[in-house]
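Sequence unavailable; structure follows:
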């Protein structure tokens, strides 16, 4: 199965959409890093935005103060979240566990 051929207009539209998604994700992560929004608010916002719900949970956790790659991995393993999981794939119990860990 080969990739579909895109017209120049379709390719330009796809590039523009990808740039907008990357920009929205960068702004979102910066707000979380700077403490402008909490983890709970971040998850709520991401669940309502198609561009943001594709962020990996690991990347989301690493935006929190004091959480690096090792701690993010440890938290995800403790809760039972796959390393490849994206925000859109989080269940209610996983979200509740993440928020409980964030309060501690």
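Noted; the coordinates are in hand. Being a predicted model, the structure only gives us computed values, none of them experimental.

Give me the most central residue, this protein.
The centroid of the chain falls nearest to residue 55 when counting by C-alpha atoms, centre = their mean (2.4 Å).

Test my guess that that residue contacts residue 46.
Yes - with contact defined as C-beta atoms under 8 Å, residue 55 reaches residue 46; the gap is 6.3 Å. Heads up, the C-betas are built off the backbone N, CA and C, glycines and all.

and for these two, which residues touch both?
Common contacts of residue 55 and residue 46, defined by C-beta atoms under 8 Å, 6 or more residues apart in numbering, comprise 28, 87.

Quick check on the residue nearest to the centre of the chain: phi, psi?
Residue 55 adopts backbone torsions of phi -70, psi 140, taken as degrees, to the nearest 10.

got a list of what it touches?
Contact analysis of residue 55 by C-beta under 8 Å, 6+ apart lists 25, 28, 29, 46, 86, 87.

Just those residues: which are in strands?
Applying DSSP state E to these, no entry is found in strands.

pLDDT averaged over the helix of greatest length in the chain - what is it?
Ranked by residue count and defined by DSSP state H, the top helix of the chain is helix 8-33. Rounded to a whole number, the mean pLDDT of helix 8-33 is 94.

Check stretch 59-71 too.
Stretch 59-71 comes out with an average pLDDT of 94.

in this protein, which spans are helices?
For the chain, the helices defined by DSSP H occupy 8-33, 39-47, 57-62, 69-79, 92-103.
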